[in-house]
Structure formats: C-alpha cells, structure tokens
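J.: Let me see the structure of the following:
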Amino acid sequence: MDARAAARLLKGVRAAALAGDRPPAAPRPEIAESWRRMLAGGVHPDRDARSRMLSAAETEERRHGSPLREVLPVLREGLLPALDEALHILVVADADGRLLWREGHSSILRKADRLGFSVGADWDEAVVGTNGVGTALVARRPVQVFSAEHFVSSHHDWTCAGAPVRDPRDGRLLGVVDVSGPLATMHPATLAWVTSVARLAERELRIRHLESLERLRTVAAPLLARLPGRALAVDPDGWPAAVTGLAPTERIPLPKTFGPGRVWVPRLGDCVVEPLPGGWLLQVAPERSSTAATRIVVDLSRAGGWSATVYGSSGSWSQELSPRHAELLFLLADSPQGRSAAELAVELFGDPTRTVTVRAELSRVRRHLAGVLTHRPYRFAQDVEVELIRPEDPAALLPHSTAPAVIRARLGSGGPGVVP
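T.: All right, here's what the predicted structure looks like:
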C-alpha cells in the first residue's frame with residue numbers, strides 16, 4: 001500500500017473511532033491507547049490547540065540544564081546527514097514535551113513553523129494530541145505516528161517517529177529524539193533508525209558517567225585507604241566509585257535533603273557525609289541508627305512519571321518507578337493484606353504460573369525499598385503508612401498497562417487516597 005492509500009485508510013479508521021463505528025481496520029494498539037486518552041481528556045480532533053511558547057531565555061535555561069545537550073553531537077551525526085535528502089527534520093524535546101532543538105531541511109522547517117512545531121513549543125500529548133514526541137513520552141517507548149494516526153486533523157500531512165532517551169544512571173526519562181517530515185517522504189524503517197540513534201545517545205551518556213566515576217575513584221581511593229571502618233565514595237546520584245569495609249554495593253538512594261554532616265542514608269543508616277570533587281564521601285557511623293521508614297507515597301498521578309517516596313524521622317528519598325514496578329506497587333498498595341506470587345501473577349498477566357517473573361521483579365523492587373516491603377505474602381510492612389495517589393481520571397491510571405487488575409481499576413472509580 002502506498003502512502004496516499006495508507007493515509008486514506010487511516011482517515012477512515014480515525015473517523016470510525018471518533019463516531020464510535022466499526023473501523024475498516026483496527027488501529028495499532030499504541031495509537032488506539034493514545035486516541036482513548038485524547039477522547040477522555042477532551043482534546044478536540046479538528047482544532048489545533050497551542051500552549052504558551054517558551055521565551056528565548058526559558059528555552060536556553062532548559063537547554064543548559066538538559067543532559068541531552070551532551071549527546072547532541074551523537075544525534076546530529078546519526079541523523080542529520082540523511083535528513084536534507086529525505087526532506088525530514090530532527091527535533092529534540094525534553095521530558096515535558098518542550099521542543100529544545102530543531103534542525104533539518106529549510107523548506108520543511110518553514111512548514112513545521114506553520115504547524116507550531118518550532119523551538120519552545122509544547123508538544124505534550126495532552127495539548128496537541130497523538131504525536132511522535134508526546135505519545136512516545138507517555139508510552140515510554142518508540143512510536144511512529146503516520147498521517148491520520150495523529151489525533152488532530154491539521155497534523156495529517158505529517159508523519160513522525162520518536163524514541164525516548166533515558167538517563168542510564170537512574171532510568172529517568174530525559175526526553176525524545178524525533179524525526180518528522182511530510183507524509184510522502186517517510187520510510188517504514190525510520191522508527192528503527194531513530195531508535196538506534198537514541199540508543200547510541202544513551203550509550204554515550206553511560207560512557208560519560210563511567211568516566212566521571214573513574215575520576216571520582218582516583219580522588220577517593222587514597223582517602224578510603226586511610227580510613228578505619230566502613231566508608232564509600234558516591235557520585236551525586238548515589239553511584240559508588242570506591243568502597244572500603246563494605247561489600248560492593250549498587251546505587252545508594254540519597255535523601256532529597258542531602259549535604260555535609262550527619263545524615264541518615266537508606267540501606268546504610270547514620271553516615272558522616274563530606275564533599276568530594278564530583279561526589280560525596282560517606283562514613284558509616286559505628287552505631288547504626290534504629291530509624292526506620294514510617295511512610296511511603298506511591299504516586300501514579302502523572303503518566304510516565306511514577307515514583308515512590310519513603311519517609312522516616314531522619315529524612316526522605318524518592319525512587320522513580322519503571323512501568324512494571326509501578327504496576328506491582330499499585331497492586332500491593334491496593335491490597336493491604338498482601339498477595340502471594342501466584343496471586344500477583346494472575347493480576348499482572350492473567351497467568352498464575354508466571355511466579356518466577358513476579359519474584360524476580362519484586363526482588364529488584366525490594367533492593368530499593370528494604371524494610372518497606374515484606375514477603376510471605378508480599379505486602380507493605382505493617383508499621384508503614386501507605387499513600388497511593390491515583391490520576392484524577394481513572395482511565396489515565398498506568399496507561400501502558402495490560403494487567404487485568406489495572407484494567408479493572410481503570411473502569412472503576414479512582415482518586416487520591418490513603419491506604420491504611
């Protein structure tokens with residue numbers, strides 16, 4: 001099927017979806033999910049909405065603070081050489097869907113300006129509908145949106161392919177790299193191409209992170225060799241560069257209010273903290289504090305930005321949640337009495353035999369939430385208060401999820417609430 005025939009078919013599919021009729025063909029699952037979100041959120045299918053553009057100063061501030069700035073050479077080298085010939089443009093957006101960089105064929109840039117697809121614009125899915133930037137951010141995976149798969153009709157002459165870029169240090173979503181162009185010029189392999197370049201950018205960030213840890217290790221190793229007891233040097237994100245008196249450890253979640261002095265640190269207890277060039281020196285206090293977590297907030301209110309925040313009398317710290325871990329914590333927060341691995345397998349996959357997968361994922365969660373989660377059955381500890389924050393719209397709960405329990409919850413009532 002050529003591009004024009006495909007566009008005509010997709011317009012028929014979209015028209016049927018808007019009218020509630022039987023479509024001539026089923027939309028792709030990620031597009032159908034996005035259209036449901038648009039209908040629930042009140043996005044107008046034929047009205048091109050815009051939000052406030054960032055000023056030049058605001059755009060430059062976001063550029064300066066974005067780790068994506070470090071990998072622009074990788075993105076340009078991987079994508080720009082072919083863009084002029086293919087009549088595409090390269091766009092890099094941050095995790096809010098704001099376009100920070102844009103390059104490519106001049107004639108296509110002018111067409112993009114008329115569409116509002118310019119630096120400083122907001123291409124969040126909830127603002128402009130299904131698109132390669134905003135939908136990739138919500139779905140947290142590469143997405144290609146072809147012609148009338150765009151929810152808003154003014155975008156139907158375009159096709160875009162966007163791939164998320166994550167921070168390898170903590171899995172945080174940094175933004176999206178997107179290639180867009182007129183309908184007739186897009187190739188089916190564009191999404192694979194853009195995804196490969198996004199992975200190269202993540203690899204470059206990982207290399208830079210390892211280099212920074214090596215620099216910190218060079219400074220810290222002589223200091224640790226002279227210290228008695230247990231101590232370690234970590235970078236600002238909690239990744240260890242050097243350790244003494246302790247078994248090798250994974251990333252340490254650092255409290256939000258973190259600085260020099262005596263600080264309670266998850267998994268270590270009371271520590272004496274001193275600054276180092278590029279990180280921190282943590283000396284574990286001889287007498288471990290008995291301070292334990294007293295409260296956890298599982299926040300699922302923002303699509304793609306799920307988190308768990310743990311509070312104790314000595315401080316708090318947050319952990320961003322992967323889609324699978326967000327599902328698991330939702331199920332546990334929604335079931336104070338706890339669930340077995342088989343019960344969780346049914347709720348997640350509709351298959352009680354998939355207990356190995358459930359146990360493996362929960363093992364990973366408990367590494368970060370030690371003392372908060374217990375097992376046999378899996379549940380939150382009895383002395384921990386659990387607050388589960390759901391989206392205001394039940395249909396927006398974990399939109400990526402196909403877990404039976406989550407689908408049932410989307411169909412019921414929802415809202416912020418405290419689970420005792």
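J.: Just the buried residues of stretch 300-310, please?
T.: Of the residues in stretch 300-310, 300-301, 303-308, 310 count as buried by neighbour count, 16 or more other Cβ atoms under 10 Å. C-beta coordinates here come from the backbone N, C-alpha and C atoms, glycine included.
J.: just stretch 334-342 next, same as before
T.: So for stretch 334-342, counting by 16+ other Cβ under 10 Å, buried means 334-335, 338-339, 341.
J.: which residues are contacting it?
T.: With contact meaning Cβ atoms under 8 Å, 6 or more residues apart in numbering, stretch 334-342 is reached by 331-332, 347, 352, 355, 358-359, 362, 374, 377-380, 386, 388, 405, 409, 419-420.
J.: Got the confidence number for Ala333?
T.: Note on Ala333: pLDDT of 88.
J.: in the sheet, who's paired with the nearest residue to it once chain neighbours are set aside?
T.: Closest residue to Ala333 apart from its sequence neighbours, by Cβ to Cβ, 6 or more residues apart in numbering: Leu388 at 4.1 Å. Here Leu388 sits in beta bridges with Val298, Gly417, going by DSSP bridges.
J.: burial of Leu388, as a residue count?
T.: Neighbourhood size, Leu388 [other Cβ atoms under 10 Å]: 20.
J.: repeat for the one 4 residues further on
T.: The tally of other residues near Glu392 (other Cβ under 10 Å) stands at 10.
J.: what's the distance between the residue nearest the centre of the chain and Val234?
T.: Of all residues in the chain, the one closest to the mean position by Cα atoms, centre = their mean is Leu173, 3.9 Å from it. Distance, Leu173 to Val234, using Cβ to Cβ, to the nearest Å: 23 Å.
J.: could you say which helix or strand contains Pro23?
T.: Using DSSP states H and E, Pro23 falls within no helix or strand.
J.: and it, what does it touch?
T.: Here Pro23 is in contact with 12-13, 16-17 (Cβ under 8 Å, 6+ apart).
J.: Which ones among those lie within helices?
T.: 12-13, 16-17 (DSSP state H).
J.: Pick the one among the residues you listed closest to Ala201.
T.: Val13 (33.2 Å; Cβ to Cβ).
J.: Show the pLDDT at the closest one.
T.: On the pLDDT scale, Val13 gets 88.
J.: ok, now the one 4 residues further on?
T.: pLDDT, the model's per-residue confidence, is 85 for Ala17.
J.: just the one 3 residues further on next, same as before
T.: Here, the pLDDT recorded for Gly20 equals 84.
J.: before we move on, back to that, would you mind writing the PyMOL command to select the buried ones in the contacts of stretch 334-342?
T.: Entered in PyMOL, the line below selects the buried ones among these, by 16+ other Cβ under 10 Å:
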select buried, resi 331+332+347+355+358+362+378+379+380+386+388+405+409
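J.: May I see the buried residues of stretch 217-237?
T.: So stretch 217-237, judged by 16+ other Cβ under 10 Å, has buried residues 217, 219-220, 224, 230-235, 237.
J.: Report the distance from that stretch to the chain centre.
T.: 31 Å (Cα atoms, centre = their mean, to the nearest Å).
J.: in which helix or strand would I find the residue lying closest to Ser196 once chain neighbours are set aside?
T.: Nearest non-adjacent residue to Ser196, counting by Cβ to Cβ, 6+ apart: Gly78, 7.5 Å away. For Gly78, the host element (DSSP H and E) is helix 72-86.
J.: Show me where the stretch 201-350 of the chain has its strands.
T.: For the stretch 201-350 of the chain, the strands defined by DSSP state E, counting those that start in this stretch occupy 231-234, 240-244, 261-265, 269-276, 279-284, 293-299, 307-312, 315-320.
J.: what's the closest of these to Ser51?
T.: strand 293-299 (23.5 Å).
J.: okay, the angle between that closest one and strand 307-312?
T.: 160 degrees (axes from the mean of the first three to the mean of the last three Cα atoms, to 10 degrees).
J.: In strand 293-299, which residues are buried?
T.: 293, 295-299.
J.: Check stretch 10-24 too.
T.: 10, 13-14, 17, 23.
J.: could you dump these to a markdown table with distance to Ala40?
T.: Shown next, in a markdown table, are the buried residues of stretch 10-24 (distance: Cβ to Cβ, whole Å):
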| residue | distance to Ala40 |
| --- | --- |
| Leu10 | 21 |
| Val13 | 19 |
| Arg14 | 16 |
| Ala17 | 13 |
| Pro23 | 18 |
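J.: and stretch 274-284, what's its mean pLDDT?
T.: For stretch 274-284, the per-residue pLDDT averages 91.
J.: which parts of it are buried?
T.: Quick answer for stretch 274-284 (16+ other Cβ under 10 Å): 276, 278-284.
J.: How about stretch 111-129?
T.: Buried, per 16+ other Cβ under 10 Å, within stretch 111-129: 111-112, 115-117, 119-129.
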